[in-house]
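Sequence and predicted structure are below.
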Amino acid sequence: MKVVIVGAGIIGLNCAYYLHKKGIEVAVLDQSEVCSGASAGNACYVAPSHIVPLPTPDLLAKGLKWMLNPKSPFYIKPRPSVELASWLLRFCFNCNATQMQQGMPVLNQLLSTSLKLLLEMSQEEEFEFPLWKNGLFYLFMTKKGVTGAEALSRVCREHGVSSSLVSPKDLEKLDRHLVSDSILGGLYFPDDVHIDSQAFVLALAGYLKNQGVELQTHTPIQSIQPLSKTSKQVTLLKASGEAVQADAFVIANGAWAPKLLTPLGIKSHIQPAKGYSVTFPAPDHLPSCPAILAESKVAMTPLGNRLRFAGTLELAGYDSSINPVRVEAIVQAVKRYLPHLTPPEQAIEQAWSGFRSCTPTGLPLIGKTKQYDNLFLATGHNMIGISLANVTGQLIQQAICGETPFYHSV
């Protein structure tokens, strides 16, 4: 059996890893370099705490205030777009308690399994990658935020996710470099871990190449096409005109998936959601634990000798340009919460941006498509692609091999 995977980020390479483990011939194609997209500059969390889907009742209320404010955590660039309008309507439909309650057990199972698989991978000594088991803090600077932390803690406990509320005094004992006069309290998730996602992907790519997995970079795809008008099998056509034959194809190119799926009549309802990050050499007072600046939706991640702040969700189509207003919103959040960790000007000028693949349900698309028997999706991971990478790879392997029933939301 041969499987061709489109996308050489953390999702595509994890799919290749688990398929290769089963003795399947694998080729990975990417329009750019390995780890050139959202896998490179993200917050790097593998977080079983992230069980709440993106669309929530409170986000609907906040989103209406935020979406046209370029400094807010959630911004929509005004433009005429049928696809965006459809996505927004579906997203709003999912911003209710019923949909949220239905989504949490799904994400809980996926996230906990993914963490287990990652830890197993780290112990197998096939390749090395940075992994830190320091937990994750949510930091709050308002009384309303602290009340929200208590509610989130209750929800997590109901789903078996360990957490504990911490006072400023507790925080000082746990990680004194996360303390400032602005912070009123926090919520600590001891089981969350973080990795250097770029180092992980590059190490995994090197391992797969040494194992004989074919990695073709700078290989744009022109289209995926059915073998005939009535066929339930597809083939892939490179931009060079070369047809690629395989027993199965996996679309794991994140936010770019709709460009291949829409012509096939497959409505993924994915929107590219741009995020930003600023990374700089570790300051003298480097925290050991990552933290989310909760009210501002900004993530802080220590990465060895570097520190990263990441955040924002910008729906601006495939516009990859850096919006300095969005970057400045991240910097201002840092100044409010942790002023001693403010990024230097040079790092701000070199800010990174990348596209996440966001679905209106907040749930990923993992599994076989209904329309074609040899076409599989591994995309739509929203803002938790790093957290779900390993379980996605395993589920795609199971789906292609027909081993067990598998999760899908296609």
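Perfect, I can see it now.

you'd agree Pro283 is in a strand?
No: Pro283 is assigned coil when assessed by DSSP: H, G, I helix; E, B strand; the rest coil, not a strand.

lowest confidence element among the helices and strands of this structure?
helix 57-66 (a mean of 75; mean pLDDT, DSSP states H and E).

Remind me what the next helix or strand after that one packs against, helices and strands.
The C-terminal neighbour of helix 57-66 among helices and strands, as given by DSSP states H and E, is strand 74-76. Packing partners of strand 74-76 (3 or more C-beta pairs under 8 Å, 6 or more residues apart in numbering; DSSP states H and E): helix 57-66, strand 306-315. Backbone N, C-alpha and C define where each C-beta goes, glycine included.

what's near enough to touch the closest residue to Phe189 other than its chain neighbours?
Spatially, and ignoring its direct neighbours in sequence, Phe189 is nearest to Ser49 (4.0 Å; C-beta to C-beta, 6 or more residues apart in numbering). Counting by C-beta atoms under 8 Å, 6 or more residues apart in numbering, Ser49 makes contact with 136, 156, 161, 163, 189, 191-192.

change it to 6 Å
For Ser49, the contacting residues are 161, 189, 192, by C-beta atoms under 6 Å, 6 or more residues apart in numbering.

Out of those residues, flag the one nearest to Cys44.
Ranked by distance to Cys44 (C-beta to C-beta), the contacts of Ser49 are led by Asp192 at 11.0 Å.

Now name the helix or strand holding the residue nearest to Phe189.
Applying DSSP H and E, one finds Ser49 in no helix or strand.

quick one, what contacts Phe91?
55, 360.

After the helix or strand where it lies, which helix or strand is next?
Take DSSP H and E as the rule and Phe91 turns out to sit in helix 82-94. Using DSSP H and E, the helix or strand that directly follows helix 82-94 along the chain is helix 97-123.

and that following helix with helix 82-94, angle?
On the basis of axes from the mean of the first three to the mean of the last three C-alpha atoms, to 10 degrees, helix 97-123 is oriented at 100 degrees to helix 82-94.

Just the buried positions in helix 97-123, please.
Residues 99-100, 103-104, 106-108, 110-115, 117-118, 121-122 are the ones in helix 97-123 that count as buried (16 or more other C-beta atoms under 10 Å).

Show me what that helix is packed against.
For helix 97-123, the elements it packs on are helix 385-401, judged by 3 or more C-beta pairs under 6 Å, 6 or more residues apart in numbering; DSSP states H and E.

can you list contacts of the helix it packs on?
With contacts defined as C-beta under 6 Å, 6+ apart, helix 385-401 is touched by 10-11, 14-15, 17-19, 22, 42, 46-47, 110-111, 113-114, 117-118, 197, 248, 250, 366-368, 376, 378, 381, 404, 406-407.

PyMOL command to pick out the buried ones of the residues you listed?
Remark: buried members of these, expressed as a PyMOL selection using 16+ other C-beta under 10 Å:
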select buried, resi 10+11+14+15+17+18+19+42+46+47+110+111+113+114+117+118+197+248+250+366+367+368+376+378+381+406+407
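
ok, which stretches of the chain are helices?
Listed in chain order, the helices of the chain (DSSP state H) span 10-21, 57-66, 82-94, 97-123, 143-158, 168-174, 197-210, 257-261, 324-337, 345-349, 385-401.

weakest of the ones you listed in terms of mean pLDDT?
Among these, helix 57-66 has the lowest mean pLDDT, at a mean of 75.

Just checking the distance from that helix to the centre of its chain.
21 Å (C-alpha atoms, centre = their mean, to the nearest Å).

What of stretch 273-286?
The chain centroid and the centroid of stretch 273-286 are separated by 17 Å, computed with C-alpha atoms, centre = their mean.

So which bits of it are buried?
Using 16+ other C-beta under 10 Å as the test for burial, stretch 273-286 gives 273-280.

Turn the residues you listed into TSV, including pLDDT and distance to Tyr318.
Below are these laid out as TSV (pLDDT from 0 to 100; distance: C-beta to C-beta, whole Å):
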residue	pLDDT	distance to Tyr318
Ala273	96	11
Lys274	96	9
Gly275	96	14
Tyr276	97	16
Ser277	98	19
Val278	98	22
Thr279	98	23
Phe280	97	28
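
So which of these belong to strands?
273-280 (DSSP state E).

Other residues contacting stretch 214-233?
By C-beta under 6 Å, 6+ apart, the residues outside stretch 214-233 that reach it are 6, 27-31, 33, 209, 234-237, 239, 260, 372-374.

Now intersect these with the strands, please.
Those of the contacts of stretch 214-233 lying in strands (DSSP E): 6, 27-29, 234-237.

Nearest to Thr56 among these?
Closest to Thr56 out of those is Val6 (31.4 Å), distances taken as C-beta to C-beta.
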